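S.K.: next comes the sequence, and after it the predicted model I'd like to discuss.
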Amino acid sequence: MSVTTHVLDTSSGRPASGVDVRLETRDGDGWRELGAGRTDADGRARELLGGGRLEPGIFRLRFATGEYFRELGVESFHPEVTVVFRVQDPAGDHHVPLLLSPFGYTTYRGS
């Protein structure tokens with residue numbers, strides 16, 4: 001059981017290294033943080049659960065995309081990308097990639 005991500009900067013064709021990512025779960029009317037990480041040189045954040053257990057529910061990944069592009073000196077439109085997803089089988093692995101450019105993004109359920 002895991003929640004992982006991989007961020008690819010499609011404007012450069014390279015992994016997006018140094019993107020801060022937070023994993024949160026819906027908690028009533030708000031959100032509770034479960035873990036956080038930063039993408040490595042390969043654009044991957046592998047340990048977002050922080051040792052916790054995954055339960056069925058609604059989750060979100062928050063990517064600090066504005067900070068990433070600001071550090072590169074690149075103007076961007078989205079200061080943050082938020083991806084909300086549902087986990088029905090907590091025993092499985094949940095990989096949520098992000099394809100990122102300064103003015104858009106795409107995501108999907110990976111494997």
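M.R.: Here it is on my side, so go on. Numbers count the residues shown, from 1 in each chain.

S.K.: count the residues that sit near residue 30.
M.R.: 7 (other Cβ atoms under 10 Å). All C-beta atoms are positioned from the backbone trio N, CA, C, and that covers glycine.

S.K.: return the set of residues that bridge with it.
M.R.: Per DSSP bridges, the residues bridged to residue 30 are residue 27.

S.K.: list the buried residues of stretch 75-95.
M.R.: By neighbour count with 16 or more other Cβ atoms under 10 Å, stretch 75-95 contains the buried residues 76, 78, 81, 83, 87, 94-95.

S.K.: lowest-confidence one in these?
M.R.: Checking pLDDT across these, the minimum falls on residue 94 at 90.

S.K.: hang on, the earlier thing: pick out the most distant pair among the buried residues of stretch 75-95.
M.R.: With Cβ to Cβ as the measure, no two of these lie farther apart than 76 and 87, at 29.2 Å.

S.K.: would you map the helices across the protein?
M.R.: 65-72 (DSSP state H).
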